[in-house]
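Trainee: Fold the following and give me the result.
(one chain, ligands or ions: 1)
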Amino acid sequence: MPYYVGVDLGATNVRAAVADGDGSILATDKRATPRGPTGIHVTEAVLDAVRAACEDADVDPSEVEAAGVGSIGPLDLAEGSIDGPANLPDSVDTVPLVGPISKLVDSERVHLHNDTVAGVIGERFHADRNPDDMAYVTISSGIGAGVAVDGNVLEGWDGNAGELGHMLVDPQGRRTCGCGRDGHWEAYCSGNNIPEYARMLAEEDGDLDTALPLDDPEFSAKHVYEHADDDEFAAHVVDQVGFWNAMGVTNLVQSYAPLVVSFGGAVALNNPDLVLDPIREYLDESVFNNVPEVRLTSLGDDVVLHGAVASAITGGTGDRSRS
Ligand SMILES: [Zn+2]
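Mentor: Numbering: from 1, shown residues only. Okay, here's the model as predicted:
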């Protein structure tokens with residue numbers, strides 16, 4: 001039986017899975033992503049996770065046909081590495097991935113993607129409908145997207161296509177994004193930014209009566225969604241976040257014409273209705289062409305890991321006919 005390996009490399013955790021040719025996962029391993037001291041230590045953790053998952057599945061790494069990796073960026077596809085990951089300390093510069101994994105599993109077939117691209121590969125592989133034209137959007141600490149058009153998964157020349165969270169949505173640029181630019185989608189709607197955006201709206205509102213702990217340093221997106229049912233201002237924030245989300249998704253839809261847009265990431269997974277309903281509502285008004293189906297990923301937290309496995313099985317495409 002052929003075996004495949006998938007790796008989800010995030011800023012917090014490294015996860016590895018061993019699967020069979022149907023994409024059924026036989027064993028997994030999860031460990032903390034080392035915060036250095038160098039990139040090689042991150043590489044070692046990835047290799048250790050793959051070794052542990054293989055051992056658990058009773059599969060020798062040399063029996064692995066192919067591997068897929070969904071990773072934090074930015075990627076350097078020519079080198080098969082991550083180049084200065086934004087969410088790890090500065091001492092973590094280059095994280096070699098393709099070469100060392102290739103050596104471990106004794107296969108040239110190692111596919112590296114940014115995590116949202118791996119997400120759309122997983123969605124495509126496991127979807128019942130329209131897998132050739134679809135998008136995957138993650139709304140978590142950041143925002144990003146992976147897109148398949150006419151059956152092609154768009155990667156970009158350097159592997160960094162789909163950084164849609166840094167799409168300019170507010171021409172007034174009232175919020176500054178984590179990347180340092182003004183008016184980006186993510187600056188209003190990612191989990192890290194919703195609290196600051198809520199504070200900005202509260203200031204605009206002046207005399208405000210709200211249960212939200214706006215002045216508490218621990219104030220988070222979770223509070224906003226928890227109070228959406230019983231607090232008028234929280235409901236207003238949820239609606240405004242939905243508006244910016246819909247603007248980002250509208251631009252995505254007009255650019256790539258997906259028939260399905262599925263959502264993942266902690267903010268969407270924890271609050272599916274409050275995140276997706278406003279998007280659906282605004283999309284109906286804002287999209288000129290076909291309004292896509294908007295849904296939550298059925299793969300939950302595992303979407304990138306499943307995508308990495310699906311990439312290994314399908315030669316980096318998610319196209320089941322190629323498995
Ligand atoms: Zn940005």
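Trainee: which SS class is the closest residue to the ion within the stretch 201-323 of the chain?
Mentor: Here the stretch 201-323 of the chain gets closest to the ion at one residue, Gly248, 11.8 Å apart by CB to the ion. From N, CA and C alone the C-beta is placed, and that goes for glycine too. Look at Gly248: counting by DSSP: H, G, I helix; E, B strand; the rest coil, its state is helix.
Trainee: Excluding residues flanking it in the chain, which one is nearest it?
Mentor: Leaving aside its chain neighbours, Gly248 sits nearest to Trp185 (4.2 Å; criterion: CB to CB, 6 or more residues apart in numbering).
Trainee: shouldn't the residue of the stretch 201-323 of the chain closest to the ion be in contact with Gly162?
Mentor: No: in this structure Gly248 lies outside contact range of Gly162 using CB atoms under 8 Å: 12.0 Å.
Trainee: Between these two, tell me which one has more neighbours.
Mentor: Counted by other CB atoms under 10 Å, Gly248 and Gly162 do not tie: Gly162 has more neighbours, with 27 against 23.
Trainee: The more buried one - nearest residue in space that isn't next to it in sequence?
Mentor: Ala145 (4.7 Å).
Trainee: The one you found should be in a helix, yeah?
Mentor: No: remark: Ala145 does not belong to a helix; assigned using three-state DSSP, it is strand.
Trainee: That one contacts Ser255, correct?
Mentor: No: using CB under 8 Å, Ala145 is not in contact with Ser255, being 10.1 Å away.
Trainee: between the two, which one's more packed in?
Mentor: Ala145 (27 against 13).
Trainee: Run a quick neighbour tally on Asp83.
Mentor: Neighbourhood size, Asp83 [other CB under 10 Å]: 17.
Trainee: about what we covered before: so what pLDDT did the residue nearest to Gly162 get?
Mentor: pLDDT recorded at Ala145 is 96.
Trainee: can you check Ser321 too?
Mentor: 84.
Trainee: re the thing from before, bridging residues for the residue nearest to Gly162?
Mentor: Assessed by DSSP bridges, Ala145 has beta-bridge partners Val137.
Trainee: residues contacting Asp60?
Mentor: Contact analysis of Asp60 by CB atoms under 8 Å, 6 or more residues apart in numbering lists Cys54.
Trainee: Distance check, it against the ion.
Mentor: 44 Å (CB to the ion, to the nearest Å).
Trainee: what do you get for Ser140?
Mentor: Taken as CB to the ion, the span from Ser140 to the ion is 15 Å.
Trainee: In space, what's closest to that residue - neighbours in sequence excluded?
Mentor: Gly265 (3.4 Å).
Trainee: So the residue of the chain most remote from its centre, which state does it fall into?
Mentor: With distances taken as CA atoms, centre = their mean, the residue sitting farthest from the centre of the chain turns out to be Asp207, at 37.5 Å. The three-state assignment at Asp207 reads coil, by three-state DSSP.
Trainee: what residues are up against it?
Mentor: Contacts of Asp207 (CB under 8 Å, 6+ apart): none.
Trainee: can you pull the buried residues of stretch 204-223?
Mentor: 210, 212, 214, 219-223 (16 or more other CB atoms under 10 Å).
Trainee: same question, stretch 186-201
Mentor: Neighbour count says stretch 186-201 has 186-195, 197-198, 200-201 buried, by 16+ other CB under 10 Å.
Trainee: For the chain, which residues are neighbours of the ion?
Mentor: 166, 177, 179, 181, 184 (CB under 5 Å from the ion).
Trainee: now with 6 Å?
Mentor: Residues of the chain lying near the ion by CB under 6 Å from the ion: 166, 177, 179, 181, 184, 186.
Trainee: what's the farthest-apart pair in these?
Mentor: By the measure CB to CB, Arg181 and Glu186 form the most distant pair in the residues of the chain next to the ion, at 10.0 Å.
Trainee: any residues in contact with both of those two?
Mentor: Joint contacts of Arg181 and Glu186 (CB under 8 Å, 6+ apart) are His166.
Trainee: still on that earlier bit, export the buried residues of stretch 186-201 to JSON lines and tack on secondary structure?
Mentor: JSON lines is the format used below for the buried residues of stretch 186-201 (three-state DSSP):
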{"residue": "Glu186", "secondary structure": "helix"}
{"residue": "Ala187", "secondary structure": "helix"}
{"residue": "Tyr188", "secondary structure": "helix"}
{"residue": "Cys189", "secondary structure": "helix"}
{"residue": "Ser190", "secondary structure": "coil"}
{"residue": "Gly191", "secondary structure": "coil"}
{"residue": "Asn192", "secondary structure": "coil"}
{"residue": "Asn193", "secondary structure": "coil"}
{"residue": "Ile194", "secondary structure": "helix"}
{"residue": "Pro195", "secondary structure": "helix"}
{"residue": "Tyr197", "secondary structure": "helix"}
{"residue": "Ala198", "secondary structure": "helix"}
{"residue": "Met200", "secondary structure": "helix"}
{"residue": "Leu201", "secondary structure": "helix"}
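Trainee: Which one among those sits at the bottom for pLDDT?
Mentor: Asn192 (92).
Trainee: Show the low-confidence segments of the stretch 51-200 of the chain, by residue range.
Mentor: Residues of the stretch 51-200 of the chain meeting the criterion pLDDT under 70: none.
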